[in-house]
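Engineer: A structural model of the following input is requested.
(one chain, ligands or ions: 1)
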Amino acid sequence: MNGAIYFASKYGSTAKYAGWIADETDLPTLYADGFIANPDEFDFLVLISPIYYYKPLMLDWIERNEAIIERKPFVFVTVSGAPPGEKLEGWLRDCLPTEFQSRMQHVALQGRQDPKELNWLHWIMLKIAALFNSDREAAREEAMGFDYMDRDSIAPVVDLIEKLKARGATQAA
Ligand SMILES: Cc1cc2nc3c(=O)[nH]c(=O)nc-3n(C[C@H](O)[C@H](O)[C@H](O)COP(=O)(O)O)c2cc1C
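Structural biologist: Residues are numbered from 1 along each chain as shown. The predicted structure is shown next:
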């Protein structure tokens, strides 16, 4: 099966994960905007999106391509400040299409945020969010930044991709 990695990224941490996953799996990486290869050209998809304001940055792209994604196996990778767990799952439940949720194989990775790199709007928004966040650890990270980038954490994603490739090889035999 031939697959592709579609990703979005504002400050580069998700792009870095996409690059690492591409290195290990030999899949092409494509930036998820309106001007690139049609995802229908591939047998399976790997969608890698950071979380911004409790939603995947790729949500619009996912909604626009929902009919195509419904026909394909896919792996969905989120990159967030929040760790894997109920808080993150709740955000995804609230915004992702139901069919997408019921079929997704989801891996949650944690990314990076450096206050010095942020544009002024993001900087202000995170300072305000930190003031109102009752989770003190999350509030500290919103205000001060964090760096969880870890190449080893992609292992479950690589495993899922290898399984999809093997499934294709079995079907072709
Ligand atoms: C303006 C802004 C909003 C964010 N909102 C969330 C959020 O709602 N939940 C979360 O877990 N992380 C949030 N983050 C953290 C990002 O998901 C994290 O920094 C990620 O690694 C950014 O990916 P990128 O470098 O590919 O753009 C936010 C970061 C910024 C700058």
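Engineer: make it CA atoms for all contacts and neighbour counts henceforth
Structural biologist: Will do.
Engineer: mind checking pLDDT for K10?
Structural biologist: At K10, the model reports a pLDDT of 98.
Engineer: distance of it from the ligand?
Structural biologist: 3 Å (Cα to the nearest ligand atom, to the nearest Å).
Engineer: tell me which residues touch that residue, please.
Structural biologist: By Cα atoms under 8 Å, 6 or more residues apart in numbering, no residues touch K10.
Engineer: and the top strand by length along the chain, which strands flank it?
Structural biologist: What stands out as the longest strand in the chain, according to DSSP state E, is strand 44-52. Strand pairing for strand 44-52, determined by DSSP bridges: strand 3-7 (parallel), strand 55-56 (antiparallel), strand 74-80 (parallel).
Engineer: turn those into a markdown table, including mean neighbour count, distance to N65 and mean pLDDT.
Structural biologist: Listed next are the strands paired with strand 44-52 as a markdown table, based on neighbours: other Cα atoms under 10 Å; distance: least, Cα to Cα, whole Å; pLDDT from 0 to 100:
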| stretch | mean neighbour count | distance to N65 | mean pLDDT |
| --- | --- | --- | --- |
| strand 3-7 | 24 | 12 | 97 |
| strand 55-56 | 21 | 14 | 98 |
| strand 74-80 | 23 | 13 | 98 |
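Engineer: which residues touch the biggest helix by length in the chain?
Structural biologist: In the chain, with assignment by DSSP state H, the single longest helix is helix 155-172. Helix 155-172 is contacted by residues 1-2, 21, 24-25, 44, 46, 73, 75, 77, 107 when judged by Cα under 8 Å, 6+ apart.
Engineer: thought L131 was touching R140?
Structural biologist: No - contact criterion Cα atoms under 8 Å: L131 and R140 do not qualify, at 9.3 Å.
Engineer: and the gap between A139 and the ligand?
Structural biologist: As judged by Cα to the nearest ligand atom, A139 and the ligand stand 11 Å apart.
Engineer: how far away is the closest residue to E63 other than its chain neighbours from E70?
Structural biologist: The shortest distance from E63 to any non-neighbouring residue, by Cα to Cα, 6 or more residues apart in numbering, is to P97 (7.4 Å). Going from P97 to E70 by Cα to Cα, to the nearest Å gives 10 Å.
Engineer: kindly report the same for A155.
Structural biologist: Between A155 and E70 the distance is 25 Å, computed by Cα to Cα.
Engineer: ok, the nearest residue to F7 once chain neighbours are set aside to the ligand distance?
Structural biologist: Spatial nearest neighbour of F7, excluding adjacent residues (Cα to Cα, 6+ apart): I48 at 4.6 Å. I48 sits 9 Å away from the ligand, going by Cα to the nearest ligand atom.
Engineer: so how many other residues sit close to E41?
Structural biologist: For E41, the neighbour count with other Cα atoms under 10 Å is 12.
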